[in-house]
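Trainee: Requesting a structural model of the entry that follows:
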Amino acid sequence: MFFPPLATSPTRRPPTTGEQGIPPSYSPRDVLALALSQGVLDELPAHLTRAAYDPNTPVQGLAQLMAALERVGVDFSGARAALASAVTRHCARCHRAYRDRENGPRACVVYHEAADARWDRGGADASRISSCACQGIAATLDAALEKGECYRGWHTDDRAQVDYVSSSAVPCEDNDCWTVKLGLRGV
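Mentor: Residues are numbered from 1 along each chain as shown. Now for the predicted structure:
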């Protein structure tokens, strides 16, 4: 059976297919909306981090991205203020000095405390036992050291944000910190 070709309307473009059936003239908005709906941007924070730290990413491109994000309500004023600040803070968790511009989701590290480790005399292959509170139950020191970190996250100068009970973090008073010596609580 013979079918005549479809007539095209002068106001409607004939369907032309490019790669994956997408018309060659598509807008960035359409591509972004489709990518969002397909979950392509689920890992956006990781991609933005790589772009921000990649020396090959053009600064102008990052500035344009920031300007676009600011137009839709993202507020970078806190980040700008942190970069301008020269105030040094004392972390109530890891007891390191830090500036706001150096703080981030992986800046503060508290390692498992092995000071309470003891030998388990359970035979020839005796292992050291550590009862790091963050693990909830006693674990072998080797396993604790393999993981190594009791906490990794943001620095804080607010002692109320630190869990001194179920981690290896110790209060400033027990760590002989300079903030205690100077009577600067919460600094």
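
Trainee: Surely residue 81 is in a helix?
Mentor: Yes - according to DSSP: H, G, I helix; E, B strand; the rest coil, residue 81 belongs to a helix.

Trainee: what about it, distance to residue 61?
Mentor: 24 Å (Cβ to Cβ, to the nearest Å). The way it works is simple: take the backbone N, C-alpha and C, and place the C-beta from them, glycine included.

Trainee: which one's the longest helix in this protein?
Mentor: Determined from DSSP state H, the single longest helix within the chain is helix 59-71.

Trainee: For that helix, which outside residues touch it?
Mentor: Contact partners of helix 59-71, identified using Cβ atoms under 8 Å, 6 or more residues apart in numbering, comprise 51, 52, 74, 76.

Trainee: Now for the residues you listed, which sits with the most neighbours around it?
Mentor: Within the contacts of helix 59-71, residue 51 tops the neighbour count with 14 neighbours, counted by other Cβ atoms under 10 Å.

Trainee: Quick one: residues contacting that residue.
Mentor: So residue 51 contacts 57, 62, 65 (Cβ under 8 Å, 6+ apart).

Trainee: out of everything not next to it in sequence, what's closest to the first one?
Mentor: In this case it means residue 57. In this structure, residue 57 finds its nearest non-sequential neighbour in residue 51, 4.8 Å apart by Cβ to Cβ, 6 or more residues apart in numbering.
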